[in-house]
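J.: Sequence below, structure please.
(3 chains)
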Amino acid sequence: MKWLPVAFLVALAVYPLVFTQPFPQHVVIMALLFAALGTAWNILGGLAGQVSFGHALYFGVGAYTTAWFYKAFGLSALVTWPVALAISTLAAVAVGLPTFRLRGHYFVLASVFIMQAVYIVVSNWGALGAAIGLELPVHRPTGALDALWHLQFHLSKLPFYYGALALFVATLAAFEWIRRSRLGLLFVALREEEDAARSLGVDTMRHKLLALIVSAAFTTLCGMFYAQYVLYVEPVSTTSLTISVEIAFIAIFGGVGLLWGPTLGAFVIIPLTELLRAYLSGHIGLGLSGTRGSGIMATLNYLAAGGGGQVDILLYGLLIVLIARFQPRGVLGFFRKLD
Amino acid sequence: MPALLEVRGLTRRFGGVFANHDVSFDVAEGSIVGLIGPNGAGKTTVFNLITGFLAPDLGEVRFEGRDITGKRPDVLSRRGIARTFQILRPFPRLTVEENVMVGPIARGESMSAARSRAHRCLELVGIAHKAGDLARGLSTGQRKRLEMARAMATEPRLLLLDEITGGVDQPSIPALIALVGKLRDEGATLLVIEHNMRVIMELAEKVVFLHLGKKVAEGPPQEIARHPKVVELYLGSQHA
Amino acid sequence: MIYAQVLVDGLIVGLMFALVAMGLSLIYGVMNIVNFAHGEFMMLAMYLCYFLWVGLGLDPIASAPIAAAVMFGFGVILYRLLARYLLGASMIAQMFATFGLLLFFQALANFLWKADARTIGDNWSTGLLNLGGLYFNGPEMVAAAGALVTALALFWFLNRTETGLCLQATAEDPQVASLMGINTDRMYALAWGLSAATIGVAGALASTYLAITPLVGANWALPAFVAVAIGGFGSITGAFWGGIIIGLVQTAGGFFTSPSYKLLFVYLLFLVVVLVRPHGLMGKR
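T.: Model prediction:
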């Protein structure tokens, strides 16, 4: 079984060379993005055991910072990533300090409320485009280097594909490295029995903050990628509760706390929703812009406009309920006796 | 020379009830002090107040001559105060060895240094053979030993043991008593909450008796065992 | 004078929030479950009243008892089919299960009835009352009054009837309660039924003036979560006062800044309360 992850990664590397149509490539790009998002979430939720339903906040930070700077100064994420990460870290500390003192339901709901508050601000802030959002200007690159500088690739999806793959692998590597490290052991200890950990000398507040900062950073990177890829950010598809829950659900669906759990979740759920949406909308092929959002959010938007009758949300909701009811440990729980 | 631990006037209310009311006593370095009293007497509350899990309404706690009242549990752990919990809390999905490594790692030791220290502590308490097993698979007696090993791995100067013989069958108790003695020999000063009077008699140099949150008596075990209030309230139908 | 109006409006919407929050708190208090789908009961009740109005010409106020009864049964069914299995599950599983329900019902409503907003036209409460310079919107005032009556009825039930006391005992300690001979399974079902029924009444009352869409319940329920969190999980009284406070804060905040920001103040209030008292104002856990 050990060869399975390697085979999977090789398959991913080779995939776009075999499937050269834009839509199949897009589906896997989104799956990779959400796998990275889920894995980033897993650092805080799986390892450190702090369940956040407000992670869309950091995704939005990445997306909006990138969009705003590009629109204002023509500087792509290649240049502005430090700013995004700085804001993300500040946000993480600002959220963590008051909320990590809370336990149980209070903490989870606090993460929701804070995110909703940010959502309200973002959807009313003129400079960020309010409810309509920001469109990143399309730039026709004059050459390969120019394309790289602007992170706009129109001839092929391959650069985005391998960018997403790199992001995915980096997030996996970060998760695994932390898990095996001394930090990871302390995270798990505070997850399992917080008071016992404290009595043994673990500064649980500091460690929770650390976990959140790392988790938020990778989530923000994903947000930056998203903005450059879709070239359109708006509140509902980036900073909403549904995105937060989708990220958390993908992480948990596959098996929380396990390295490959979120990946499994993403590669099951995202293709499902993308394909369903394509089927219902009757055409296949999504351009770089004009796709409002991704995954569940895109489907919601599309269907809110009247298409398809929301059957797939119905099924998604049903799926969540059934999983929670019958196998709360996630799909990988079927394969492992001990997690 | 001040005692290692000085508790002065500890008072803590919950709603209208005084869990602890003006509790004061000393724990001399190198000694074993027993803390006894019927259920609800406030013994675990004293532990929580000493170790920073609760802040007292009144009173203070001094350790090694310095005021530690209300300091955070993890800070106190690094200062040398360790405790076990009455309701055992192993880290269920970590191995036995990893459980004991948490303390040393939190104090900055490397993985390998922490691992060897963990093994020493596991051998001390006698469950080294279980090092690789998940903690949640242990029996009650083994869990108690794990609690002690975990605490010992933080190299405490003061160790607070909460009901270490609770739920343990009679034949296993002498071994536990011997273990506690070994902990003292390793250099720890012990404050022990116990229901089992036999353990107290064999181990403690001094006993503090609590009832309804107040200190009722304090002295050598033989004296306390004969104290009329103690006999009336606590020993009653128990055999010593 | 303007402040008095804000106060009145705040109290009126606060009473509605109070009713919604109490039902939420009831389930949490008894079963330790946060029901994310709580708002969907309200949405379903509103559609029910709408169709009763369209089909039978029934005034929503008159439909309120019907809505209560139907939603009660619905709540019990939901308990038997799903919630009872969540009792031992992790907090995450519970949250996902109820969130999944939220998605499911919203999508179902959208599928069956589309996203277009529907409104119930004039009914007997329509009108504007002017009392000494203060304006009272008829439907909202009647709704608030109805909410107050229902809340008091719930209080009375919980504190003055044997079943209600059994319910409280189950919330306090299910093991002891069952040792005392209380059928905890029935109590849980009752909690779900009551919770759905009370928010069903809120829905019926609100349908006299709110536009009915698949998302209406969710929009209403989220502040109620804040109300419950502020009042302290598990405390019905706390939920009641939490709702009032939320109503006042929301109205005042929206008035002094802009209506689109009114929820922001609610969330900020939560942060403030929880920083000072991590277990809410009257919470037991």
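J.: contacts and neighbour counts: CA atoms only from here.
T.: Will do.
J.: measure residue A:262 to chain C for me?
T.: Remark: distance between residue A:262 and chain C (C-alpha to the nearest C-alpha, to the nearest Å) = 15 Å.
J.: And the pLDDT for that residue?
T.: Per-residue confidence (pLDDT) for residue A:262: 93.
J.: What residues does it make contact with?
T.: For residue A:262, the contact set (C-alpha atoms under 8 Å, 6 or more residues apart in numbering or on different chains) comprises A:35, A:36, A:38, A:39, A:42, A:250, A:251, A:252, A:253, A:254, A:255, A:256.
J.: So what does residue C:181 look like in phi/psi?
T.: phi 100, psi 10 (degrees, to the nearest 10).
J.: Could you check how far it is from chain A?
T.: From residue C:181 to chain A the distance is 28 Å (C-alpha to the nearest C-alpha).
J.: Could you check how far that residue is from chain B?
T.: For residue C:181, the distance to chain B - C-alpha to the nearest C-alpha - is 27 Å.
J.: Count the residues that sit near that residue.
T.: A total of 9 residues lie near residue C:181 under the criterion other C-alpha atoms under 10 Å in any protein chain shown.
J.: Residue A:94 now?
T.: Residue A:94: 12 neighbours (other C-alpha under 10 Å).
J.: check which helix or strand covers the closest residue to chain A within chain B.
T.: Using C-alpha to the nearest C-alpha, the single residue of chain B nearest to chain A is residue B:74, 3.8 Å away. Assigned by DSSP states H and E, residue B:74 belongs to helix B:73-79.
J.: Can you show me the CA trace of the longest helix along chain B as CSV?
T.: Scanning chain B for the longest helix, with DSSP state H as the assignment, gives helix B:111-125. Below are the C-alpha coordinates for helix B:111-125, written out as CSV (Å, rounded to 0.1, in the frame of the first residue of the first chain):
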residue,chain,number,x,y,z
MET,B,111,13.0,13.8,20.3
SER,B,112,15.8,11.4,21.1
ALA,B,113,16.6,12.9,24.5
ALA,B,114,12.9,13.0,25.3
ARG,B,115,12.6,9.3,24.2
SER,B,116,15.4,8.1,26.5
ARG,B,117,14.0,10.1,29.4
ALA,B,118,10.6,8.6,28.8
HIS,B,119,12.0,5.1,28.8
ARG,B,120,13.7,5.8,32.2
CYS,B,121,10.4,6.9,33.6
LEU,B,122,8.5,4.1,32.2
GLU,B,123,11.0,1.6,33.7
LEU,B,124,10.7,3.4,37.0
VAL,B,125,7.0,2.8,37.1
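J.: ranges for the helices of the stretch 1-150 of chain A?
T.: In the stretch 1-150 of chain A, the helices defined using DSSP state H, counting those that start in this stretch lie at A:3-18, A:22-42, A:56-73, A:77-99, A:104-124, A:144-150.
J.: coming back round to it: the next helix or strand after the longest helix of chain B - contacts with which helices or strands?
T.: Following the chain from helix B:111-125 toward its C-terminal end, the next helix or strand by DSSP H and E is helix B:140-152. The helices and strands touching helix B:140-152, judged by 3 or more C-alpha pairs under 8 Å, 6 or more residues apart in numbering or on different chains; DSSP states H and E, are strand B:81-83, helix B:96-106, helix B:111-125.
J.: what does the stretch 101-250 of chain C put close to chain A?
T.: With C-alpha under 8 Å from any C-alpha of the partner chain as the criterion, the stretch 101-250 of chain C comes near chain A at residues C:101-108, C:110-112, C:114-115, C:226, C:229.
J.: Pull the contacting residues for the residue of the stretch 101-250 of chain A found nearest chain C.
T.: Residue of the stretch 101-250 of chain A nearest chain C, by C-alpha to the nearest C-alpha: residue A:117 (5.1 Å). Residue A:117 makes contact with C:263, C:264, C:267, C:268 under the criterion C-alpha under 8 Å, 6+ apart.
J.: Give me the neighbour count for the closest residue to residue B:81 other than its chain neighbours.
T.: In space, and not counting its chain neighbours, residue B:81 is closest to residue B:158: 4.9 Å by C-alpha to C-alpha, 6 or more residues apart in numbering or on different chains. For residue B:158, the neighbour count with other C-alpha under 10 Å is 28.
J.: Residue B:158 reaches residue B:78, doesn't it?
T.: No: applying C-alpha atoms under 8 Å as the test, residue B:158 and residue B:78 come out as separate, 11.3 Å apart.
J.: Buried ones in stretch A:262-279, by neighbour count?
T.: A:262-267, A:269-278 (16 or more other C-alpha atoms under 10 Å in any protein chain shown).
J.: Which ones among these lie within helices?
T.: Residues of those located in helices (DSSP H): A:262-267, A:269-278.
J.: right, and out of those residues, which lies closest to chain B?
T.: Of all these, chain B sits closest to residue A:262, with 19.8 Å by C-alpha to the nearest C-alpha.
J.: Need the contacts of residue A:262 in JSON lines (columns: neighbour count).
T.: Shown next, in JSON lines, are the contacts of residue A:262 (neighbours: other C-alpha atoms under 10 Å in any protein chain shown):
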{"residue": "A:35", "neighbour count": "31"}
{"residue": "A:36", "neighbour count": "30"}
{"residue": "A:38", "neighbour count": "36"}
{"residue": "A:39", "neighbour count": "37"}
{"residue": "A:42", "neighbour count": "31"}
{"residue": "A:250", "neighbour count": "30"}
{"residue": "A:251", "neighbour count": "33"}
{"residue": "A:252", "neighbour count": "32"}
{"residue": "A:253", "neighbour count": "29"}
{"residue": "A:254", "neighbour count": "26"}
{"residue": "A:255", "neighbour count": "28"}
{"residue": "A:256", "neighbour count": "30"}
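J.: now the strands for the stretch 51-200 of chain C?
T.: Counting by DSSP state E, counting those that start in this stretch, the stretch 51-200 of chain C has these strands, from start to end: C:128-131, C:134-137.
J.: How about chain B?
T.: B:5-14, B:17-27, B:32-36, B:58-63, B:66-67, B:81-83, B:158-162, B:189-193, B:206-211, B:214-219 (DSSP state E).
J.: which of the ones you listed sits most buried?
T.: strand B:81-83 (a mean of 28; mean count of other C-alpha atoms under 10 Å in any protein chain shown).
J.: gap between it and the chain center?
T.: On the basis of C-alpha atoms, centre = their mean, to the nearest Å, strand B:81-83 sits 7 Å off its chain's mean C-alpha point.
J.: what helices or strands is that strand leaning on?
T.: helix B:43-51, helix B:140-152, strand B:158-162.
J.: Would you convert those into CSV that also reports mean pLDDT?
T.: Shown next, in CSV, are those (pLDDT from 0 to 100):
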stretch, mean pLDDT
helix B:43-51, 92
helix B:140-152, 89
strand B:158-162, 93
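J.: Pop the domain breakdown of chain B in here.
T.: Under the assignment automatic domain parsing, the domains of chain B span B:1-80+B:157-240, B:89-155.
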